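[1] Here is a sequence together with a model predicted from it:
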Amino acid sequence: MMNLLSGAVFLLYSENCKPMFALIDCDNFFVSCERIFQPNLKNRPVVVLSNNDGCVVARSYEAKALGIPMAVPFFKVEKQFKSAGGIALSSNYELYADISQRIMSLIRDEFQNLEIYSIDEAFVHLPEKGDYFKMAQDFHNKILKYIGVSVSIGVAPTKTLCKLAGEYAKKHDKVFVLTEQNVISQMLTQTDVEQIWGIGKHSAQKLNFMGIFTGEDLRLAPRALLRKSMGINAEKTALELNGIPCLEAENDPKQKTIISSRSFEKEISDFNQLEQIISEFVDGACLRLRKQKSLATGIITYIASNRFNPNQIPYQNSVLISLAAPSNNTAKFLKAMKLGLQQIYRADVAYKRAGVTLTEIQDENLPQYDLLRPQEENGKERKLMAAFDEINRKIGKKSVYFGIQKSGVQYFIRRNHKSRNFTTSWDDLASVH
């Protein structure tokens, strides 16, 4: 980056200030969550692994410095990594989700119009006037103090420019305010068009053919040409690069489909064992459905063999089972899942992956009920599931569960290097000696 940007801070104090966006992005989030309760991990190379301890999905800065690539199968770099004193951890989804909720709660209390973009990123609207750098820096310090996680904050007039500012902030002082047009142009000139948020590899190839190679080329491209050749989304991206907001922030958007799936540690042929495992996916998906206050009408059950096993019959199949009326009742989806599994299960196949997808999701306040069913029954079901969730929230996960499920730890996913659930289990609370 050019010297002009080093340590630069650009602020807006004009009476005609336009609304501003900020992108709050947690640094190395999974690793940061682990370091909150394990200080011995600080300043050491750390990676977090995917399901079944397969691939690298998160890296500390120290691990990145060793040249550990993202998404590389861990066995390929394990010897090199451990010889450098590196530590590999299994994904602790429960811990990461809880820390994320705490961070998002702090953001929601501080700013307007929160849009959660991912587990570790969120967009917010800032006030129309103010010292944006100080505002962002103060909040960075607040998250670090209250949660123990470092965040990078990029501030800009549009969400697309926020992404650009956020990437710069990560590599420098954790806060960057991007408002001056000459600085925006310099950054875009040094940014390949494929790296612009919303432009993928396929779109970048089309843009390259049109002579558009950098973000600055895209910013200056004729709007009519972009719309005709690439569609409305490319035109919106160009407008965003010019400081014109086109991507409005959404307030906690609800998922239109909910997917829960996993690969297994070992191949499974037994129907009852497979049904028990998939029941966990149904339970998790239905919990997410209720948390976003929605109902679903259909469930797709999916199973597949190990495509890398030359001695295994290649097989995969899925089936959709629809309910008579929208519901968030786990019991109904478990029953539908079993019906679907019976239709696609083959006893001569060993399965390596399975999952479920809840479909036809709608707001629970606008359901299309079965006219032949009394409304009181729908109300009773929703109250039952609310009580079910409240018990598990207060006493602990799976304090109550359906008979088809297995109590205790989900044994079908290998997590040999998993840390304790420091914030979600009484038995795993951190202790001070």
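    Cool, got the structure. Numbering: from 1, shown residues only.

[2] would you list every one of the strands in the chain?
    20-26, 46-49, 56-59, 87-90, 112-118, 121-126, 151-156, 175-177, 258-268, 294-305, 316-327, 351-359, 362-363 (DSSP state E).

[3] Kindly present those as TSV, with separate columns for mean neighbour count and distance to Tyr132.
    Heads up, the C-betas are built off the backbone N, CA and C, glycines and all. Shown next, in TSV, are those (neighbours: other C-beta atoms under 10 Å; distance: least, C-beta to C-beta, whole Å):
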stretch	mean neighbour count	distance to Tyr132
strand 20-26	25	6
strand 46-49	26	32
strand 56-59	20	29
strand 87-90	20	36
strand 112-118	16	14
strand 121-126	20	6
strand 151-156	26	5
strand 175-177	27	5
strand 258-268	17	36
strand 294-305	22	36
strand 316-327	16	44
strand 351-359	22	40
strand 362-363	14	35
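
[4] out of those strands, nearest to Phe333?
    Ranking the strands of the chain by proximity to Phe333 (C-beta to C-beta) places strand 294-305 first, at 5.2 Å.

[5] Redo the strands of the chain as CSV? Include mean pLDDT and distance to Met135.
    Shown next, in CSV, are the strands of the chain (pLDDT from 0 to 100; distance: least, C-beta to C-beta, whole Å):
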stretch, mean pLDDT, distance to Met135
strand 20-26, 94, 8
strand 46-49, 94, 31
strand 56-59, 92, 28
strand 87-90, 94, 34
strand 112-118, 83, 12
strand 121-126, 92, 7
strand 151-156, 96, 8
strand 175-177, 95, 9
strand 258-268, 84, 35
strand 294-305, 92, 34
strand 316-327, 90, 43
strand 351-359, 91, 39
strand 362-363, 86, 34
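
[6] can you put those in TSV and add distance to Ala386?
    Shown next, in TSV, are the strands of the chain (distance: least, C-beta to C-beta, whole Å):
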stretch	distance to Ala386
strand 20-26	31
strand 46-49	34
strand 56-59	34
strand 87-90	32
strand 112-118	23
strand 121-126	27
strand 151-156	33
strand 175-177	41
strand 258-268	18
strand 294-305	13
strand 316-327	13
strand 351-359	18
strand 362-363	16
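
[7] Determine which of the ones you listed approaches Asn416 most closely.
    Comparing the strands of the chain under C-beta to C-beta, the one sitting nearest is strand 87-90, at 6.3 Å.

[8] and the closest one, what does it pack onto?
    The contact analysis (3 or more C-beta pairs under 8 Å, 6 or more residues apart in numbering; DSSP states H and E) places strand 87-90 against strand 46-49, helix 74-83.

[9] tell me the most buried of these?
    Using mean count of other C-beta atoms under 10 Å, the stretch among these with the largest mean neighbour count is strand 46-49, at a mean of 26.

[10] on that earlier part again, nearest to Pro127, of the helices and strands packed on strand 87-90?
    strand 46-49 (36.2 Å).

[11] Count the residues that sit near Pro127.
    12 (other C-beta atoms under 10 Å).

[12] how far away is it from Ile395?
    Separation of Pro127 from Ile395 (C-beta to C-beta, to the nearest Å): 42 Å.

[13] cool, and Gly85?
    In terms of C-beta to C-beta, Gly85 sits 40 Å off from Ile395.

[14] Without its sequence neighbours, what residue ends up closest to Ala28?
    Quick fix: residue 28 reads Asn, not Ala. Spatial nearest neighbour of Asn28, chain neighbours left out: Ser60 (5.5 Å); criterion: C-beta to C-beta, 6 or more residues apart in numbering.
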